[in-house]
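Trainee: I would like the atomic coordinates for the input below:
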Amino acid sequence: MILIYPLDLISPVTDDELIQIQKSAGELEVILTRDKAEAIKLSKRAQVIFGDICKEFFDDPKELQWVQSVGAGVNKIVDFIGERPISLVSARGLVGSHLAEHAFALLLSITRGVADSIRNPGWENREEIRSKQWEFTDKVVAIIGMGSAGQAFAKRARGFEFKKIIGIDISLDISTEFLDQLISPDQIESVISSCDVICLMLPLTPSNVGWFNYELMSKMKDSGILINVSRGGLVVHYDLLRLLDEGKIRAAGLDVLEVEPISGDSTIYDREDLVITPHIAGGSPLRSKRVIDQFCNNLENWRSGGQLQGLFERERGF
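Mentor: Next comes the predicted model:
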């Protein structure tokens, strides 16, 4: 049995998509429910679960072989599975374009004075805002993580004509079409002080939790900007605020935070050196179709003994 428990925020599953899933499932029964209690009950006999993967699905998974999350970050689901021989598929590789565009939205809101203009409306602020504006043509950007999101950001950065685009990734066997330089993470300190923009585009793994701490971020330019649309746990939030207070970083654009959500009355929203969006970089009207198509391909591959696409690799942590 195939259990569909949609995460409607990301992949609501339309009637047409349910028909598409049923075709890919062949003779296997497909059940869709939006009721959590019913989904937990059905999970006891499900071979495959797609959608909003919750902890209770793994209390007694008698027949469960694999699950497919509609999200790219699956750290919690990995913990839910534990040592059970259950495969996990994520949306890694499907979210690159909209994460890249959101990263640029955050960056441009800072460099073009958009955020300042919204916070301080009025023509009397025009001179001060213009004095802080950037172009990218004389700037250096480093992209940390060169998966689909990092590649998408690099492609767009090339269009913006950055002076230099540096990619940083654990694998040096990747496309450098839109890069001027590719280095490994252990070389980051050799370039970080020359970068005007640092953009985080990598998954969260046990080895990089809190990687961007006070010591590392203090090596950035004091005019530098940090952008994070990937995982909040990569950055030590307190250390970032301290560096901003000390004037050692110009600004940060954040879609993700170490602890979410922030309370609506938090004073952090009043800071003029921060632009924060509420974990919305993953939003796109095209995302649902991409996720459903991947799931249907995976169903067909699984039924024929093939390889699952987007499979989480425990040894790599993503």
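Trainee: how is this protein divided into domains?
Mentor: 2-94+284-303, 96-276 (automatic domain parsing).
Trainee: can you get me the start-to-end distance on the longest one?
Mentor: Right, domain 96-276. 20 Å (CA to CA, to the nearest Å).
Trainee: could I get the domains of the chain as TSV with mean pLDDT, distance to Glu313 and mean neighbour count?
Mentor: In this view, the C-beta of every residue, glycine as well, is placed from N, C-alpha and C. Converted to TSV, the domains of the chain look like this (pLDDT from 0 to 100; distance: least, CB to CB, whole Å; neighbours: other CB atoms under 10 Å):
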stretch	mean pLDDT	distance to Glu313	mean neighbour count
domain 2-94+284-303	93	10	18
domain 96-276	96	11	18
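Trainee: nearest to Leu311 among those domains would be which one?
Mentor: domain 2-94+284-303 (5.8 Å; CB to CB).
Trainee: now that closest one, how far from the centre of its chain.
Mentor: Computed by CA atoms, centre = their mean, to the nearest Å, the separation of domain 2-94+284-303 from the middle of its chain amounts to 19 Å.
Trainee: start and end of it, how far apart?
Mentor: Chord length of domain 2-94+284-303, first to last residue, is 12 Å (CA to CA).
Trainee: go on, stretch 44-58?
Mentor: 8 Å.
Trainee: give me the contacts around that stretch.
Mentor: 1-7, 11, 13, 21, 28, 36, 39-40, 43, 60-70, 76-77, 80-82, 84, 86, 295, 299, 302 (CB atoms under 8 Å, 6 or more residues apart in numbering).
Trainee: tell me which of those residues fall in helices.
Mentor: 21, 36, 39-40, 43, 76-77, 80-81, 295, 299, 302 (DSSP state H).
Trainee: now the two most distant members of those.
Mentor: Most distant of the ones in helices among the contacts of stretch 44-58, by CB to CB, are Lys36 and Trp302, 25.1 Å apart.
Trainee: circling back to that earlier point, tell me which of the domains of the chain lies nearest to Gly310.
Mentor: Counting by CB to CB, and looking across all of the domains of the chain, nearest comes domain 2-94+284-303 at 4.7 Å.
Trainee: show me what contacts Ala25?
Mentor: So Ala25 contacts 2, 299, 303 (CB under 8 Å, 6+ apart).
Trainee: may I see the residues you listed arranged in CSV, with distance to Phe136 as well?
Mentor: Formatted as CSV, the contacts of Ala25 follow (distance: CB to CB, whole Å):
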residue, distance to Phe136
Ile2, 47
Leu299, 43
Arg303, 48
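Trainee: looking at those residues, which one is closest to Asn228?
Mentor: Using CB to CB as the measure, the one of those that approaches Asn228 most closely is Leu299, at 33.9 Å.
Trainee: once you drop chain neighbours, what's closest to that closest one?
Mentor: Ser24 (4.1 Å; CB to CB, 6 or more residues apart in numbering).
Trainee: that neighbour: what secondary structure?
Mentor: The three-state label for Ser24, taken from DSSP: H, G, I helix; E, B strand; the rest coil, comes out as helix.
Trainee: would you confirm that it contacts Glu300?
Mentor: Yes: using CB atoms under 8 Å, Ser24 is in contact with Glu300, at 5.2 Å.
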